[in-house]
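[1] A predicted structure for the sequence below; I have some questions about it.
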Amino acid sequence: MTTREIILAALYTLLQAQPAPVLRGEVLPERVPAAGLLILRDGDPGEPAVTLSPLLYHYQHRAEIEAVVQAGTGRDTAFDMLAAGVGTVISADRTLGGLCDWVEAEAPRPVDLPVEGAAALKAAVIPVVLHYSTADPLA
């Protein structure tokens, strides 16, 4: 596995500590569980900074976590708890067990999404910046 995949897999595993189900790269299902739902998206590694001695590619990879809740009453509180839970698990292991130099989540921008015949969804993308280095951009 590549460094990028190892790090994304470690982030996915870390997010499993949430009470809400966590998916990786899946489409939003028709039904959102009562606890909410998190979907990890691989995101964009961006252009690396390069050092030549030794040759290293330094990435600030922007992964994304989609946080979604659907509840009639208490939806705002449920969403806030889900987003705060992401921050809690990330702050508990900022290096993903030494795989990254640093991991940091950014603030979500929640939106309300209407659903025909059902309670509206409250959703947001939570950007997560993964700082890591690798000796090869394809490794």
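    In hand now; what should we look at? Here the structure is a predicted model, which means the values were calculated and not measured.

[2] Could I get the buried residue list for stretch 42-56?
    For stretch 42-56, burial by neighbour count (16 or more other CB atoms under 10 Å) applies to G43, P45, P48. From N, CA and C alone the C-beta is placed, and that goes for glycine too.

[3] now do stretch 107-114
    Of the residues in stretch 107-114, P108, P110 count as buried by neighbour count, 16+ other CB under 10 Å.

[4] Sitting in strands, which of the buried residues of stretch 42-56 do you find?
    Among those, the members found in strands (DSSP state E) are G43.

[5] Can you lay out the buried residues of stretch 42-56 as CSV showing pLDDT?
    Converted to CSV, the buried residues of stretch 42-56 look like this (pLDDT from 0 to 100):
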residue, pLDDT
G43, 96
P45, 96
P48, 97
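
[6] Tell me which stretches of the chain form helices.
    3-15, 75-92 (DSSP state H).

[7] In PDB, could you pull the C-alpha coordinates for the first one?
    It stands for helix 3-15. C-alpha atoms of helix 3-15 as PDB (Å, rounded to 0.1, in the frame of the first residue of the first chain):
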ATOM      1  CA  THR A   3       1.800   6.000   2.200                       C
ATOM      2  CA  ARG A   4      -1.300   7.900   1.200                       C
ATOM      3  CA  GLU A   5      -3.500   4.800   1.400                       C
ATOM      4  CA  ILE A   6      -2.000   3.800   4.700                       C
ATOM      5  CA  ILE A   7      -2.700   7.200   6.200                       C
ATOM      6  CA  LEU A   8      -6.300   7.300   4.900                       C
ATOM      7  CA  ALA A   9      -6.900   3.800   6.200                       C
ATOM      8  CA  ALA A  10      -5.600   4.900   9.600                       C
ATOM      9  CA  LEU A  11      -7.900   8.000   9.600                       C
ATOM     10  CA  TYR A  12     -10.800   5.700   8.700                       C
ATOM     11  CA  THR A  13     -10.000   3.400  11.600                       C
ATOM     12  CA  LEU A  14      -9.700   6.300  14.000                       C
ATOM     13  CA  LEU A  15     -13.100   7.600  13.000                       C
END
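
[8] Okay then, goodbye and thanks.
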